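# give me a model of this one.
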Amino acid sequence: MRDDPAPIPEVLETASAPDEREHLGRRVRGMAWFAGAVLLGLMARGVHLQVVHGAEHARRLEAASLKRVRLAPSRGVIRDARGRVVAEDRVAVDAYVVPDVVLGRGDAVPRLAVALGLDDAERDRLRHTLETVPPTRRAQWILVRRDVAPERVPAIRGERALRIKLVERAGRHYPFGSLGAHAVGYMNEVSPTDIAKDPGKLPGDRVGRTGVERAQDRALRGTPGHAFVAASRRIVDPVAPTGEAPRAGHDVTLTLDMELERALDESFTRHEQRKGAAVLIDVHTGRVLAITSRPAFDPNLLDRGVAVPAAGSELDRALQESEPPGSTIKPFTALAALASDRAAAEHPVECKGFYPLGLRLFRCTHTHGRVDLDHALAENCSVWFYDQAARLGLDAIVGKAKQFGLGAPTGIEMGRELAGLVPSRAWFERADPGPFRAGHSLNAAIGLGVVRVTPIQLAVAYAALANGGTVRTPQIVVSDVPAPARQVDVEAADLARVRAALRARASELPGLQASVAGTLGASDSREFFLMPTAYIEAEDAPPDDEPPARPIRMPETNGWFAGFAPADAPEVAIVVLVQGRSFADHRVATAIADDTLRAYFAGKERGSR
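Okay, here's the model as predicted:
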């Protein structure tokens, strides 16, 4: 049987070679058009970015390569009333080294000490400082000398092997040194507490710490600016458009006259008085013309970080030392007596050298005999004031003193100020070791016991006595705005009477040659309420005819002078406090007041004020 033949395969008809090439060409052309379109789009985008937004992108690129830095402003200048510079900026230079570099060379520390100008003790401290740096920080820069002397800079730069880095910073210069230092103040770097209170402050910033530097810090310090730093640390365009220039602080003019400050300071030195304070104030404007506190400090040394104030020198005794004013408070007690019970105030009192109260005797300076108000002030008779205090009571006595500003801060813009204490009967009821007793009134009437005032308070009060009863807030910075003032409720005739008595009192004081009305005072710093007879404080030594049963203790005492001048037409009020170990210190206070008033009137004659 025959097999069937195999089927013939179907042959498909394929395109010819020319057709295939045509098809491939169409595909290539499509891809070329697509690539061209993409390229054209990219070119258009490139043109758009380069031409339309090119400047913007350039700024972004520049900003990405720059770092914003803070530009510190220059601090305002402080001048006195005559235009003399009292405080100004300066450029300080600090020296830094890397401990590993210095300690790696055997002779490096001695060479570094010579370059920095250190003595043997400072060189040893420097070596100890470098050797005690933790190992993790020995490759970092550390400060080794603050405020390098300008003449040392060439020697330091000559020690290239030690890699000493000199860094400039802002400092402060006080041309008058310790003169008026408490009023002017000083600066130092901010603390973490300062930064927490004011986020605008940064580490390394400097602020005023005391005096006008602190009170006027916001006005003096100005406003920081900013700039941008490239990788090379070069400042780029610190002003517009990419930065902002710092705005300098405002200058400040003080009411102080540095000539008077010098006269006051020299008088303290001449009389060997190391501890105390004094204030000279214009009675009509409240402007403080001179103010000092002893012991003082040199703010230049504090700014350079090379000295710490001596013990007690940072205390501004004109504002922050409150002490019993002694007899300087008696004019206000006299005015209280006239206002409360004029008939009783006009009644004479027999002074036998003491005033009996129960089983105790309150002493006077000596036996005055029969005295009235005028003679009590002129002769400094305490018995008359004891009698008025017993009649009127404590609140009537101290109320008038408070009206004249005693026992409260004055409001002067110089930083912290103590309020002092002029106690009422209610205060004694709350106080320990209360309760109130009649003897408290007698002590308060003559400015003793727990009564406390500051020199600036007493100066304001005596200025009000002199100007007709206007209590003005004392000013230390010149301002077009008048000082706040208030009028005390007091009769003009009573003020005139007290002023006349103070003039009579001043005429009897030794060492007071200027035309002055005023009085002195003495006290000690002990806080007491009712003391045994032998311990009652007096203005002078106990009466010779009545010696105490036991010796009077002589702790550190306060000598005061308070007054105004000229006596007939007052211009200035002055208060001087000296502290020592003798009740004769008030005579030193009187002499210092006289020296200062002479300097004031001498300057006025020369036309310098």
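# for residue 329, which non-adjacent residue is spatially closest?
residue 447 (3.5 Å; CB to CB, 6 or more residues apart in numbering). Glycine gets a C-beta too; all of them are placed from N, C-alpha and C.
# is the one you found located within a helix, as I assumed?
No. Residue 447: not assigned to a helix; according to DSSP: H, G, I helix; E, B strand; the rest coil it is coil.
# so what's it up against?
Residue 447 is in contact with 324-330, 453, 521, 523, counting by CB atoms under 8 Å, 6 or more residues apart in numbering.
# 10 Å instead, please
Counting by CB atoms under 10 Å, 6 or more residues apart in numbering, residue 447 makes contact with 323-330, 332-333, 382, 385, 401, 406, 422, 453, 458, 521-523, 537, 539, 560.
# ok, which stretches of the stretch 1-150 of the chain are helices?
17-47, 54-64, 99-103, 108-116, 120-131 (DSSP state H, counting those that start in this stretch).
# output the longest strand belonging to the protein.
strand 85-97 (DSSP state E).
# ok, it: who's next to it in the sheet?
strand 78-79 (antiparallel), strand 142-145 (antiparallel), strand 165-173 (antiparallel) (DSSP bridges).
# turn the ones you listed into JSON lines, including mean neighbour count and mean pLDDT.
Converted to JSON lines, the strands paired with strand 85-97 look like this (neighbours: other CB atoms under 10 Å; pLDDT from 0 to 100):
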{"stretch": "strand 78-79", "mean neighbour count": "22", "mean pLDDT": "97"}
{"stretch": "strand 142-145", "mean neighbour count": "18", "mean pLDDT": "88"}
{"stretch": "strand 165-173", "mean neighbour count": "15", "mean pLDDT": "88"}
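# got JSON lines for those strands, with distance to residue 102 too?
Below are the strands paired with strand 85-97 laid out as JSON lines (distance: least, CB to CB, whole Å):
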{"stretch": "strand 78-79", "distance to residue 102": "40"}
{"stretch": "strand 142-145", "distance to residue 102": "9"}
{"stretch": "strand 165-173", "distance to residue 102": "12"}
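# and of those, who's closest to residue 516?
Nearest of those to residue 516, taken as CB to CB: strand 78-79 at 30.1 Å.
# quick one on the thing from earlier: now the longest strand of the chain: buried residues?
Using 16 or more other CB atoms under 10 Å as the test for burial, strand 85-97 gives 86-89, 92-95, 97.
# give me the neighbour count for residue 82.
Neighbourhood size, residue 82 [other CB atoms under 10 Å]: 14.
# ok, so of the buried residues of strand 85-97, who is nearest residue 607?
Distances from residue 607 to the buried residues of strand 85-97, taken as CB to CB, are shortest for residue 86 (21.8 Å).
# beta partners for the closest residue to that closest one other than its chain neighbours?
Of all residues not flanking residue 86 in the chain, residue 78 sits nearest, at 4.6 Å (CB to CB, 6+ apart). Residue 78 forms beta bridges with residue 87, residue 252, as assigned by DSSP bridges.
# the strands in the stretch 401-550 of the chain, which residues?
Shown for the stretch 401-550 of the chain, the strands assigned by DSSP state E, counting those that start in this stretch span residues 470-472, 485-487, 517-524.
# need those strands in TSV with mean pLDDT, distance to residue 74 and mean neighbour count, can you?
Listed next are these as TSV, based on pLDDT from 0 to 100; distance: least, CB to CB, whole Å; neighbours: other CB atoms under 10 Å:
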stretch	mean pLDDT	distance to residue 74	mean neighbour count
strand 470-472	97	34	20
strand 485-487	95	36	12
strand 517-524	84	44	26
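# closest one to residue 124 among the ones you listed?
Nearest of the strands of the stretch 401-550 of the chain (CB to CB): strand 517-524, 46.0 Å.
# direction included, what does that closest one pair against?
strand 557-565 (antiparallel).
# how far off centre is the following helix or strand past the strand it pairs with?
As assigned by DSSP states H and E, the chain's next helix or strand after strand 557-565 is strand 572-580. Relative to its chain's centre, strand 572-580 lies at 21 Å (CA atoms, centre = their mean, to the nearest Å).
# and for stretch 324-335?
30 Å.
# could you pull up the contacting residues of residue 395?
336, 340, 402, 423-426, 441, 444.
# element containing it, please.
Going by DSSP H and E, residue 395 is in helix 394-403.
# just the element for residue 297, please.
Going by DSSP H and E, residue 297 is not in any helix or strand.
# next: residue 227.
Following DSSP H and E, one finds residue 227 within strand 225-229.
# elements contacting that strand?
Packed against strand 225-229 by the contact rule (3 or more CB pairs under 10 Å, 6 or more residues apart in numbering; DSSP states H and E) you find strand 67-71, strand 235-236.
# tell me the most buried of these?
Neighbour counts (mean count of other CB atoms under 10 Å) averaged over each of those peak at strand 235-236, with a mean of 15.
# if we can go back for a sec, so which of the strands of the stretch 401-550 of the chain comes closest to residue 148?
Ranking the strands of the stretch 401-550 of the chain by proximity to residue 148 (CB to CB) places strand 470-472 first, at 46.8 Å.
# who does that closest one pair up with?
Strand 470-472 has its sheet partners listed here by DSSP bridges as strand 485-487 (antiparallel).
# rank the helices of the stretch 1-150 of the chain by pLDDT, which is bottom?
Note on the helices of the stretch 1-150 of the chain: lowest mean pLDDT is at helix 54-64, with a mean of 61.
# how about the strands paired with strand 85-97, which one is nearest residue 203?
Once these are compared by CB to CB, strand 165-173 is nearest, at 12.7 Å.
# and the next helix or strand past the closest one?
Strand 165-173 is succeeded, C-terminally, by helix 181-184 (DSSP H and E).
# just the buried residues of whichever helix or strand comes after that next one, please?
For helix 181-184, the succeeding helix or strand toward the C-terminus, using DSSP H and E, is strand 187-189. For strand 187-189, the buried set under the neighbour-count rule, 16+ other CB under 10 Å, comprises residue 187.
# which residues are in contact with strand 187-189?
Under CB under 10 Å, 6+ apart, the answer for strand 187-189 is 75, 87, 169-172, 174, 201, 203-210, 213-214, 217, 220-221, 299, 302-303, 305.
# go again using 6 Å as the cut-off
For strand 187-189, contacts defined as CB atoms under 6 Å, 6 or more residues apart in numbering pick out 172, 206, 208-209, 213.
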